[in-house]
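Engineer: Build me a structure from this.
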Amino acid sequence: MLVITCPHCQAAVMLQADGVCPACGRAVVLQQAQPFVLESGESWPQDGSSPDETPPAPLDPYGRPMAWEESPQVAVVRFRQRLFAITPHTLVTPAIVAVNAVIFALMTLDSGALFSPGAETLVKWGANFGPLTLDGQWWRLLTCTFVHIGLIHIGLNMWVLWDVGQLIERLTGNAGFLLLYVLSGLFGSLASVYWNPNVLSAGASGAVFGAFGGLLGFVLIRGDSIPKSILGRLRTSGTSFLFYNLIFGLAIPGIDMAAHVGGFVAGFGCGLVLSQPLDRVTLVTRTWRNAVMVALGTALLAAALSVAPAAPVDLHSRAVRFSAVEKQALDTYNDAVRRYQNGKLSEDEFARTIETQILPPWRAAREEFDQIDVQRVAAGSRDSLDKLRQYLVLREQAWEALAAGLEENDSRRLEEAKEKNEAADQLGREVGAGD
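Structural biologist: Here you go, the predicted structure:
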């Protein structure tokens, strides 16, 4: 039979009985086709090798010699057809976007803050925070990827995810993309809490960076499965995305670069595991690759958790709790002073009030702060902790001296109480206490 060059895809083919090109599926008018002729004029050997004894040209993902080179338009169409054939529907990407949107809407209704929810709201809804996450609340590594700090934050993340997620999902399959997204988010959260354990973090950016990492890993191994025109655009957009985020991440304080890097590296590794020739994708090949990725991801997560640092002390939360104790103690003390000055409280009753109602809760608070391991406190907060401890001791000593002076009618102890109270007031102003 006659071998011709298809005028549509430029492939060297033998037409089917109905006159259709087997490479591109288009009808060919035989009179318009050019015969395929070897430049040397020799015929092909029966064993399939070329006349000059060179090995056959490598085949592209669709079984045609790469030297034949179909047109860019045909390559794109065939690529899209193959993607839709191996992954007919993108289910995971829209589902992730929907879940993020619902959680953000509920959190906004709960807090009333559309653009800048407070720290308490973020922690309540599952944000990543070292003192809590590293203290056993490991579920925050995942929940924080669905919590966003305002409308702009979630809008940017979901826009990027929608743009790149559907392509990655078709390349890796629905289950494969879900695993890639979750593992990228978990490792991004781990990197964040290990690098910045005292910083409150939230958002899907680690997982989104993982999607780009997965695309890069897939392209690195299987770039021959993607048409050059699409591959070029992917490389350009991916490089621009990474460069843009690197520059702004370094220039703008508050951006969680550790989560971005951790998510990207995890996604890149997942992309390497999931990559395979598009013409050989089957349910079986995808299933075992997903199983390998689950096993590797689980092992690496377990290894990472085994070397987790000690949970840092949440000094702010402890200070908030102490404020309630301090307010109660100072209110009780000031009320006792007024009653004593008005003659409604005797010296012995004033002393008993200090010893039974003021000093016990104060000593308990002081002991709690004394037990804090300084090494688990952020370096920038250690000076404040030291001053707060001094304040607690001074105030306790002042009340002890006052109670003793009242009971013993000892002017020296009363003067000591006055001096220590004045020193405590001054130190309290420095640490924001004693108000």
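
Engineer: For residue 339, give its distance to residue 211.
Structural biologist: Separation of residue 339 from residue 211 (CB to CB, to the nearest Å) stands at 68 Å. All C-beta spots, glycine's among them, are computed from the backbone N, C-alpha and C.

Engineer: ditto for residue 366
Structural biologist: 50 Å.

Engineer: out of those two, which sits in the busier spot?
Structural biologist: Between residue 366 and residue 211, counted using other CB atoms under 10 Å, residue 211 has the larger neighbour count: 29 against 20.

Engineer: Name the helix or strand for that one, please.
Structural biologist: Counting by DSSP states H and E, the element that carries residue 211 is helix 205-222.

Engineer: Report how many residues lie close to residue 243.
Structural biologist: Counted with other CB under 10 Å, residue 243 comes out at 10.

Engineer: Tell me which residues are up against the helix or strand encompassing it.
Structural biologist: Assigned by DSSP H and E, residue 243 falls within helix 228-251. Applying CB atoms under 8 Å, 6 or more residues apart in numbering, the contact partners of helix 228-251 are 72, 75-76, 79, 160, 167, 209, 212, 215-216, 219, 223, 226, 255, 257, 260, 264.

Engineer: now stretch 345-363
Structural biologist: 325, 328-329, 332-333, 336-337, 339-340, 392, 395-396, 399-400, 402-404, 406-407, 409.

Engineer: one step back: what helices and strands are in contact with the helix holding residue 211?
Structural biologist: helix 151-172, helix 174-195, helix 228-251, helix 257-274 (3 or more CB pairs under 8 Å, 6 or more residues apart in numbering; DSSP states H and E).

Engineer: Which one, of the ones you listed, ends up nearest to residue 143?
Structural biologist: helix 174-195 (9.2 Å; CB to CB).

Engineer: Buried ones in that closest one, by neighbour count?
Structural biologist: Along helix 174-195, these residues count as buried under the neighbour rule (16 or more other CB atoms under 10 Å): 174-195.

Engineer: Please compute how far that helix lies from its chain's middle.
Structural biologist: Distance of helix 174-195 from its chain centroid, counting by CA atoms, centre = their mean, to the nearest Å, is 7 Å.

Engineer: How about stretch 297-307?
Structural biologist: Centre to centre, stretch against its chain (CA atoms, centre = their mean), the figure for stretch 297-307 is 16 Å.

Engineer: What residues of stretch 88-104 count as buried?
Structural biologist: Buried-residue list, stretch 88-104, by 16+ other CB under 10 Å: 90, 92-93, 96-97, 100, 103-104.

Engineer: actually stretch 336-346, not the one I wrote
Structural biologist: 336, 340, 345.

Engineer: so what does the helix or strand where the first one lies touch, helix or strand wise?
Structural biologist: Right, residue 336. Following DSSP H and E, one finds residue 336 within helix 315-341. Here helix 315-341 touches helix 347-353, helix 359-370, helix 382-408, going by 3+ CB pairs under 8 Å, 6+ apart.

Engineer: Residue 24: which of those is closest?
Structural biologist: helix 382-408 (71.0 Å).

Engineer: can you dump the C-alpha coordinates of stretch 401-410 into CSV?
Structural biologist: This file holds the C-alpha atoms of stretch 401-410, laid out as CSV (Å, rounded to 0.1, in the frame of the first residue of the first chain):
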residue,chain,number,x,y,z
ALA,A,401,5.3,42.6,105.0
LEU,A,402,2.0,44.5,105.3
ALA,A,403,0.2,41.6,106.8
ALA,A,404,3.0,41.0,109.3
GLY,A,405,3.2,44.8,110.1
LEU,A,406,-0.5,45.0,110.8
GLU,A,407,-0.6,41.9,113.0
GLU,A,408,2.6,42.8,115.0
ASN,A,409,2.1,46.6,114.8
ASP,A,410,5.6,46.8,113.4
